[in-house]
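>>> what's the 3D shape of this:
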Amino acid sequence: MKSIAKIASWILIFFGVLFIWAAFGTQTSWGNLLTGLITVGLGFGLMWYANQKLAAPGEQKVTYNVDLTGDVKLEKFLCQQCGGALSDKNVALVGGALNVTCPYCGAVYQIEEAPKW
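Down below sits the predicted model:
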């Protein structure tokens, strides 16, 4: 359903641009301009709706919470490539592994926990 809505939105935007372009031909047509603007607006509205409201089948949001016992001191979380400070917003669970995306250098890598023994 989401892909059909996106295709329909691109078709609406395409024809809306054609109407706007036709409005500025040899003779200015306010009807074509208004039709084009409405059609482009509907296309962008449908695209927003498809991205925000329609979920793909089987798509799930996973929240990974860790409860730690005792008094835990958190170390600074730095990028392995550039040393930039990272936050929890830069970590995502992808395919069961924690991936880090650095906002400074654009590096993407997996977090590998070293054994503690």
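>>> chain center to the helix-or-strand element of the chain with minimal mean pLDDT: distance?
Across the helices and strands of the chain, the lowest-confidence element by mean pLDDT, DSSP states H and E is strand 91-94, at a mean of 81. Using CA atoms, centre = their mean, to the nearest Å, the mean C-alpha position of strand 91-94 is found 14 Å from that of the whole chain.
>>> tell me what that strand is packed against?
Applying 3 or more CB pairs under 8 Å, 6 or more residues apart in numbering; DSSP states H and E, one finds that strand 91-94 contacts strand 97-101. (Glycine included, C-beta is placed from N, CA and C.)
>>> so what touches the next helix or strand after the strand it packs on?
Downstream of strand 97-101, the next assigned helix or strand under DSSP states H and E is strand 108-110. Here strand 108-110 makes contact (CB atoms under 8 Å, 6 or more residues apart in numbering) with 80, 81, 97, 98, 99, 100, 101, 102.
>>> before we move on, back to that, in its sheet, which strands sit next to the least confident helix or strand of the chain, and in what direction?
Take DSSP bridges as the rule and strand 91-94 pairs in its sheet with strand 97-101 (antiparallel).
>>> buried set for the strand it pairs with?
The neighbour-count check on strand 97-101 (16 or more other CB atoms under 10 Å) flags 100, 101 as buried.
>>> quick check: the residue positioned nearest the centre of the chain vs residue 12, distance?
Geometric centre of the chain, nearest residue: residue 51, 8.4 Å, by CA atoms, centre = their mean. Distance, residue 51 to residue 12, by CB to CB, to the nearest Å: 15 Å.
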